[in-house]
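>>> how would this look folded up:
(chains A and B)
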Amino acid sequence: MTAFDSSSLPPEAPIEAVVAVAPGLTWGERLAPFLANKLAVLGAFLTFFFLVVACIGAAIMFVPGWSDLYIDQRLRETLLRPLSPGFPLGTDQFGRDMMWRIAAGTAVSLFTGLAVTIISMFFGMILGALAGYAGGIVDRVISAFIDLVWGFPVILVAVIFVGALKPGLTAVILAISVVNWAGFARIVRAQVISLKERAFIEAARALGVPSWKIIVRHLVPNMLGTSLVMASYYIAVTVIAEAGLAFIGLGAQPPTPSLGQMISEGRNFLYVNPWVAILPGMTIALIVLGLNTLGDGLRDIFDPHLRRS
Amino acid sequence: MSTEPLLTVNNLVKRFPVATDFFGRSTAFVSAVDDVSLQVQRGETLALVGESGSGKSTLARLVLRLIEPTSGSVRFDGQDVLGSNKGQMQEFRRKAQIIFQDPFESLDPRMKGEVIVAEGMPDSGRSKSERKARVAELLDLVQLPADAARRFPHEFSGGQRQRLSIARALAVDPIFVVADEPVSALDVSMQSQILNLMRDLQDRLGLTYLFISHDMSVIRHMADRVAVMYLGQIVEIGPAVEVFSNPVHPYTQTLLSAVPSLIVGGTPPTLLDYEAARAAIGACTGSGSLQAVSGQPDHMVACFGEDAWVRHRGRM
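Numbers count the residues shown, from 1 in each chain, chains lettered A, B, ... in the order given. Next up is the predicted model:
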């Protein structure tokens, strides 16, 4: 029997560069498709920008005294145009500074998006993984439940929750989560079904590794990429849903600003002072555009099969 | 050493549903493994041979209880495998291991060598340094360099990955290893290295192998006994020397005549029209269908109709 030939090993493999994302590539190679996708870079930039805006918005909402910036109704001129001295984005019908209100509204939107996505990812992943892994009757019951929930319109669920609780962000977050987890569960279930047929899962079972450990050690890490991509899309979807609910008055209640609510109020002046509605509307559009293009870029990193040619 | 076989399989059947009615009840089945009985003695290598779709891999998974059989029994080392509770299964899993065909599929791409090898080791009772030492010992046993512990699967060649799979299986000190086409994904020079390693390990650790392959030259190299599978049944079983020198069943003859490349006349029937296929080759069904070849009590063959077989698969 021949001695083991160590020359067939790559000499100085960049072990440190390999992390648990897409094995086999260095960070540079992994980021290349992302950087080549100009829209994705724009998306990352936009998302980062709005995260900063949201942080500022959260600060002025929670730091005592700073909230004057967006709720104070001193005797300022109402409906000032954007680029007025002291008010870069103008003022609304109560003379409140649009810039700070949009910052605070962005914080509310992104917080809702993140909260809903974390909640629905948590339950979606657990139930989806359970259905896919267990199969049989467990799968059929959970899948039926998923289909049932997925069929519910968010607005209907939101009305129920607002009726049961009181109108506000909590009800909205719960209502969207109650529907959105089903979206995660469907994808996770499908992924688990394809993953569990792979030989390394079977090898783990043959070694007597308990099911929960197989899920934690093998399934979850191998699904993380897809889940991250999905999460970015779901945050965008949630931002739109939250704005829609706020528009019809089901979301955050005044004085907490929200982009949807601002559009709703600005509607009354749409012909004479359109910026009151258009500026928060554009903010929503840019947040969603940023998240979606970022999601596309992430998908290019994690799923080489769908890479743009 | 007791004279009881290490593994005894009796009348094992696995049917997969292929069609269901409105209420989710199965209306049509494929019999992937159909009434198989065999024994594996301690320390020997029993080779399972047959073309793809003959049920070899399904049988291997049934024996290890990775899938549940439709009916039948599996006895392993005095233990009723299918009747075992959780604790007993845990014990069984330490004794019986598997090596898979595709070395790219069988290792988690996100795990380093040491994590892969240590996967089956019990969490308790060993300190971290003891586990590390054990991993190093196993890597040495399969002739991998020590730094393999810190590498990811994609940094290995196919043969090295297979060595890693073997190390992972040996980490729990098994006495029985199912090797499911362990070398068919490797190039020929690697094949002989891995096969030699497996024989070497068998001698050193006293392993018993159930060795699955479609490659007769590999089987010739490895097997003490050979079982030939066709359409989910064993059509011939006996000592390797005997089966190779005196194949009785036309299917075995076909396989052997095709060495080294497997070119069987005609096309295999899909398992769906299995009943028709069995009728066509005129074989008897049931566990009593294997009969000893005259003068060779260890060499058993399923009865068959010569003319029907020729009509069924043609002559090569």
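>>> B:Asn81 and B:Leu6, how far apart?
If you look again at residue B:81, you'll see it is Val, not Asn. Shown here: B:Val81 relative to B:Leu6, a distance of 12 Å by C-beta to C-beta, to the nearest Å. Bear in mind the C-beta positions are built from the backbone N, C-alpha and C, glycine included.
>>> please disregard the earlier target; I meant B:Gln88.
As judged by C-beta to C-beta, B:Gln88 and B:Leu6 stand 16 Å apart.
>>> buried set for stretch B:121-141?
B:121, B:131, B:134-136, B:138-139, B:141 (16 or more other C-beta atoms under 10 Å in any protein chain shown).
>>> contacts for that stretch next, please.
For stretch B:121-141, the surrounding residues in contact (C-beta atoms under 8 Å, 6 or more residues apart in numbering or on different chains) are B:113-114, B:117-118, B:145-146, B:148-149, B:167, B:170-172, B:201.
>>> host element of B:Asp102?
Assigned by DSSP states H and E, B:Asp102 belongs to neither a helix nor a strand.
>>> scratch that, A:Ile176 is what I was asking about
helix A:169-196.
>>> B:Gly159 now?
Of the helices and strands defined by DSSP H and E, B:Gly159 is found in helix B:158-170.
>>> right, and the helix or strand after that helix?
Per DSSP H and E, the first helix or strand lying C-terminal to helix B:158-170 is strand B:176-180.
>>> beyond that next one, next helix or strand please.
Once strand B:176-180 ends, the next helix or strand along the chain (criterion: DSSP H and E) is helix B:188-205.
>>> next, the buried residues of that following helix.
Of the residues in helix B:188-205, those buried by neighbour count under the rule 16+ other C-beta under 10 Å are B:190-191, B:193-195, B:197-199, B:201-202.
>>> what about the residue nearest to B:Gly50 when sequence neighbours are not counted, distance to B:Ala32?
What sits nearest to B:Gly50 in space, not counting adjacent residues and going by C-beta to C-beta, 6 or more residues apart in numbering or on different chains, is B:Met229, at 3.6 Å. With the distance defined as C-beta to C-beta, B:Met229 ends up 10 Å from B:Ala32.
>>> can you work out which residues contact both of those two?
Counting by C-beta under 8 Å, 6+ apart, the shared contacts of B:Met229 and B:Ala32 are B:Gly55.
>>> so for stretch B:93-100, mean pLDDT?
Per-residue pLDDT values across stretch B:93-100 average out to 90.
>>> sorry, back to before: helices or strands up against the helix holding A:Ile176?
Here helix A:169-196 is seen to pack against helix A:98-134, helix A:136-150, helix A:154-164, helix A:220-247 when contacts are counted using 3 or more C-beta pairs under 8 Å, 6 or more residues apart in numbering or on different chains; DSSP states H and E.
>>> buried deepest among those helices, which one?
Looking across the helices and strands packed on helix A:169-196 with neighbours counted as mean count of other C-beta atoms under 10 Å in any protein chain shown, the highest average goes to helix A:98-134: a mean of 23.
>>> quick check: mean pLDDT of that helix?
The predicted model assigns helix A:98-134 a mean pLDDT of 90.
>>> before we move on, what about stretch A:204-215?
Stretch A:204-215 comes out with an average pLDDT of 87.
>>> list the contacts of it.
In this structure, residues lying in contact with stretch A:204-215 by C-beta under 8 Å, 6+ apart are A:129, A:133, A:201, A:217-218, B:64, B:66, B:89-90, B:93-94, B:96-98, B:119-120, B:168-169, B:171-172.
>>> can you check stretch A:241-252 too?
Counting by C-beta under 8 Å, 6+ apart, stretch A:241-252 makes contact with A:108-109, A:112-113, A:116, A:154-155, A:158-159, A:162, A:167-169, A:171-172, A:175-176, A:258-261, A:263-264, A:284, all of which sit outside it.
>>> good, we can wrap up now.
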